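Engineer: What shape does this take:
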Amino acid sequence: MLHAIEHQVSRYVLTISVINAVVGLAFAGILYLLRFPLQEALLWGTMVMLLNYAPYVGPLIGMCMMLLVGFIAFDDTLRSLLPAALYLLLHMVEGQIITPIVLGRRMALSPLVLILALMLFGWLWGLVGLLLAVPLLVCVKLVLAQIEGLQGWARLLE
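Structural biologist: Next comes the predicted model:
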């Protein structure tokens, strides 16, 4: 059972890392389309990728940084808000649609159960709860699947 838990948690970390890398590359591409030099776009994309590991706090820091970068890079006020607005849009799509669907399929968890677990653990334990919600949910599902008579509860989480 411990080997199965280790395998599932490793899959979770790999999946989150791939999602974060894609988000970072997508944002670097967005900045490149906004006429940022390639090196700067890749730098900010890497920053977005790393900040995406920290729920709530990471995107908040990223938004502040993109506001600052936008005001430094562009003279027009409306255009200077564009990097932060596009970052917010990308983060919302990733956090509300892509991650729950991908994790739900990859981890054999219902996206609804996943979102509810993130909300509950985030409410109970804050940032630490958000980081631990999916691994704990996977562990609970695996334990329920191994105990006689509780397999139905494990299937309910799928």
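
Engineer: from the chain's centre, how far out does the helix or strand where G152 lies sit?
Structural biologist: For G152, the element it lies in under DSSP states H and E is helix 151-156. Computed by CA atoms, centre = their mean, to the nearest Å, the chain-centroid distance of helix 151-156 equals 26 Å.

Engineer: ok, residues contacting that helix?
Structural biologist: V113, K141, L142, L144, A145 (CB atoms under 8 Å, 6 or more residues apart in numbering). C-beta here means a position set from N, CA and C on the backbone, and glycine is covered the same way.

Engineer: what's the answer for stretch 135-144, then?
Structural biologist: By CB under 8 Å, 6+ apart, the residues outside stretch 135-144 that reach it are 1, 4-5, 8-9, 12, 107-109, 113-114, 117, 121, 150-151, 153-154, 157-158.

Engineer: low-scoring stretches of this protein, by residue?
Structural biologist: In the predicted model, the chain carries pLDDT under 70 at residues 107.

Engineer: related to what we said a few turns ago, neighbour-wise, which one of the contacts of helix 151-156 leads?
Structural biologist: Among the contacts of helix 151-156, K141 has the most neighbours (other CB atoms under 10 Å), with 22 neighbours.
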